[in-house]
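Participant: Dropping a prediction and its sequence here:
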Amino acid sequence: MSYEELGNPILSLRDVSVMRSGVEVVEKVSFDIKKGDFVGLVGPNGGGKTTLILTILGHLKPYKGDVLVYGHQPACKHNLGMVGWVPQAATNLPKNIHISVRELINLGALNQRNYLRRMDESSTSKVDQAMEMVGLKELENFDVSRLSGGQLQRVVIAKALASEADLLLLDEPLVGVDRSSRNSLLKLLDDLCHNHDKTILIISHDLSAITQSTHRIIYLERSVQFDGHSKDLPNLNELAIIRGIENPHASHSAKPHTTKFHRGEDL
Amino acid sequence: MGIGNMLMDILSPILQSIGPYMPGETFPHFFISKNGPGLFENALVAALIVTVLACLIGSFLMIRNLSLLGDGLAHVSFGGICIGIVIGYTSPLIYALAFSTVSAVLIFTMQRKEILAGDASIAIFSTGMLGFGLVVLKIWGDGITVDVEGYLYGDLLLLDDQNLDFILIISTLSILSIWLIRNALLATIIDPIAAQVQGIPEREIGLFFSIITAAVIVSMVKIVGVLLVTALLITPAATAKQVGNSFKSCMFWAQIFGFISVISGLYISAETGAGSGSTIALVAAVIFCFVAIYRNIVMQKIFPENN
């Protein structure tokens, strides 16, 4: 039986604190994520969301606490290739490059064993499968610079899927994506979670979209302020408007309240 | 007998056979010489091999937004060459190699540790090392008659056997290793964090690439000269970017444009007496202009829907 089949969490954070440039950006964060969870990580700008994800990826080191990915330290040889990283596509790709959709997704199939070899058949089939999952098969020879924001984001998701990662970490995948592509992206993530057994942790500013799709919301502002079922997120309107998070469903009655709040603060 | 001579023995019958079809008065000398392989053939072969390598490396450098790393390391190499000339003993290129490699590693480390972002660290090393070399040359270089200018503008025709061996060994090793790490290198350039998570040794690949770049720059110095290294490194890759629509096709076109630039540059320089390095740089830039104008202005007028 594998590690997660024994009922252990895939991802486990215990009192994690992270410093960046001498400032404690994340403080004593603890939570577990089990296989098949679809978790939204929300919070204000500078609240430590990206820092936390980079810590889970092993790119940053916590100065206190433990991060365990599949029961081991992040980015150690036991869990390499099991975590997929999906950055914000639009800002992430280098500008001076022409690269086709297939070439870019191919790079996702590289791992510690095959990175010096030619693409073998199993890698090619993984890439085909990933393209199929995100619905990009017919665009495989397109130059990525000619794709729309939503299509580009799908390519980056496919790149993470080609690695056969079971835990997907997404950083603001909905930014720069129009409304209809946003819905289809969320549907895709939902499908990956329910029909392909992926575990998903997604950072987003778009509270309304994310509360609809995810099972669970973690509200992070330096430390975890809320962790629970998406529909239980308290005082959504107030929280969102005060923190400056986009929330198109905010009712008008909430506005005078916040104006008063700001005025009060200024005085 | 050096590796260069052995290669020339193999290649010279081929060159001899195509030589008579080459146009011009002087240009055919690059292919045929009466008493065995000579300086002209050495020059041609070295130039072509270095071009393959330069265009290969250039494509990656351009994506990394490090187009001027080549220029910076070339300046560093010139500092090394000055020191080499003063100390003597071996070919100044060995000193250039040492200087350039150390600088490349330090530049890489500074950028990675975010001590200085972008090309600021390149600026410091290129000028600092060049200054060091020039100062040493001025103070202790009395009575040295070696032609420093040859290294600035390139003197393809003064390529001796020792230098040919040096260039051939570095080029062959570099081409093979870049080809081996090409996928991993591309993955680390496009998304270093993802590459790390996938299990690609991202830091080692980056460091290795920096060292190879340093070695390549030094082997180019003798051919196109310190001031013109970027012409062969970046210009063909930039031209290729106008034409290709995938990474593979861009790599292919970079080789084609590099090859055309070198051959026609050598032809023009042989027939007019202009310097080989500068002519190659000029031809490469002219080709870029034509292709860029054609792709971005003419094509857009004819097929506006394609862009």
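Facilitator: Nice, I can see it. Numbers count the residues shown, from 1 in each chain, chains lettered A, B, ... in the order given.
Participant: So, low pLDDT: which residues of the stretch 1-150 of chain B?
Facilitator: Within the stretch 1-150 of chain B, the stretches with pLDDT under 70 are B:1, B:33-37, B:145-146.
Participant: I'd like to know which residues of it are adjacent to chain A.
Facilitator: B:62-65 (Cβ under 8 Å from any Cβ of the partner chain). All C-beta spots, glycine's among them, are computed from the backbone N, C-alpha and C.
Participant: Most neighbours among the residues you listed, which one?
Facilitator: B:Ile63 (24 neighbours; other Cβ atoms under 10 Å in any protein chain shown).
Participant: Could you find the closest non-adjacent residue to it?
Facilitator: Spatial nearest neighbour of B:Ile63, excluding adjacent residues (Cβ to Cβ, 6 or more residues apart in numbering or on different chains): A:Ile97 at 4.6 Å.
Participant: Kindly tell me how buried the one you found is, as a neighbour count.
Facilitator: A:Ile97 sits with 24 neighbouring residues when counted by other Cβ under 10 Å.
Participant: Check the one 4 residues further on too.
Facilitator: By other Cβ under 10 Å, 28 other residues sit near A:Val101.
Participant: ok, now A:Arg216?
Facilitator: Each residue near A:Arg216 was counted by other Cβ under 10 Å, and the total is 19.
Participant: so it makes contact with A:Leu233?
Facilitator: No. If you go by Cβ atoms under 8 Å, A:Arg216 and A:Leu233 don't touch, sitting 9.8 Å apart.
Participant: sec struct for the residue nearest the centre of chain A, please.
Facilitator: What sits nearest the mean C-alpha location of chain A, by Cα atoms, centre = their mean, is A:Leu170, with 1.8 Å. Look at A:Leu170: counting by DSSP: H, G, I helix; E, B strand; the rest coil, its state is strand.
Participant: And the helices in the chain, which stretches?
Facilitator: Picked chain A for this. Per DSSP state H, chain A carries helices over the ranges A:49-56, A:89-92, A:101-108, A:121-134, A:149-161, A:179-195, A:207-213, A:236-243, A:254-266.
Participant: Let me rephrase: I mean chain B.
Facilitator: Under DSSP H, chain B gives helices at B:3-18, B:39-63, B:69-87, B:92-112, B:120-140, B:149-153, B:161-190, B:192-198, B:202-224, B:229-233, B:235-243, B:247-272, B:276-293, B:299-302.
Participant: can you redo the ones you listed as CSV with distance to A:Gly81?
Facilitator: Below are those laid out as CSV (distance: least, Cβ to Cβ, whole Å):
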stretch, distance to A:Gly81
helix B:3-18, 41
helix B:39-63, 24
helix B:69-87, 31
helix B:92-112, 23
helix B:120-140, 33
helix B:149-153, 47
helix B:161-190, 13
helix B:192-198, 6
helix B:202-224, 14
helix B:229-233, 34
helix B:235-243, 31
helix B:247-272, 23
helix B:276-293, 40
helix B:299-302, 42
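Participant: which one of those helices is the most hemmed in?
Facilitator: For the helices of chain B, the largest average neighbour count (mean count of other Cβ atoms under 10 Å in any protein chain shown) is found in helix B:229-233, namely a mean of 28.
Participant: To A:Gly71, which of the helices of chain B lies closest?
Facilitator: Among the helices of chain B, helix B:192-198 comes nearest to A:Gly71, with 16.7 Å by Cβ to Cβ.
Participant: show me the contacts for the residue in the stretch 201-307 of chain B positioned nearest to chain A.
Facilitator: Closest contact between the stretch 201-307 of chain B and chain A, by Cβ to the nearest Cβ, is at B:Ser246 (3.9 Å). Contacts for B:Ser246 (Cβ atoms under 8 Å, 6 or more residues apart in numbering or on different chains) come out as A:98-100, A:103, A:141, A:143.
Participant: Filter those residues down to the buried ones.
Facilitator: Among those, those classed as buried by 16 or more other Cβ atoms under 10 Å in any protein chain shown are A:98-100, A:103, A:143.
Participant: Go through the residues you listed and name the one nearest B:Thr109.
Facilitator: Of the buried ones among the contacts of B:Ser246, the one sitting nearest to B:Thr109 (Cβ to Cβ) turns out to be A:Ile99, at 27.7 Å.
Participant: what's the distance between that closest one and B:Thr188?
Facilitator: 14 Å (Cβ to Cβ, to the nearest Å).
Participant: The residue in chain B that chain A sits nearest to: neighbour count?
Facilitator: Across chain B, no residue is closer to chain A than B:Gly199, which sits at 3.2 Å (Cβ to the nearest Cβ). Using other Cβ under 10 Å, B:Gly199 is surrounded by 20 other residues.
Participant: Quick check: it touching A:Asn114?
Facilitator: No. Contact criterion Cβ under 8 Å: B:Gly199 and A:Asn114 do not qualify, at 9.5 Å.
Participant: Low-confidence stretches in the stretch 1-150 of chain A?
Facilitator: Scanning the stretch 1-150 of chain A for pLDDT under 70 picks out A:1-6, A:89-91.
Participant: Flag every residue of it that's near chain B.
Facilitator: Residues of the stretch 1-150 of chain A that fall close to chain B, judged by Cβ under 8 Å from any Cβ: A:54, A:57-59, A:75, A:77, A:80-81, A:83-85, A:87, A:92-100, A:103-104, A:106-108, A:110-113, A:115-116, A:119, A:141, A:143.
Participant: Show me the beta-bridge partners of the spatially closest residue to A:His78 that is not a sequence neighbour.
Facilitator: Nearest residue to A:His78 in three dimensions, chain neighbours excluded: A:His72, at 4.3 Å (Cβ to Cβ, 6+ apart). Judged by DSSP bridges, the bridge partners of A:His72 are A:Val69.
Participant: Could you verify my assumption that A:His72 touches A:Met82?
Facilitator: No. Using Cβ under 8 Å as the test, A:His72 is too far from A:Met82 to be in contact (9.7 Å).
Participant: These two - which one has more neighbours?
Facilitator: The neighbour comparison of A:His72 against A:Met82 (other Cβ under 10 Å) goes to A:Met82, with 20 against 15.
Participant: Identify the residues contacting that one.
Facilitator: Going by Cβ under 8 Å, 6+ apart, A:Met82 touches A:69-70, A:164-167.
Participant: from those, which is closest to B:Ile256?
Facilitator: Distance to B:Ile256, by Cβ to Cβ, is smallest for A:Glu164 among the contacts of A:Met82, at 37.2 Å.
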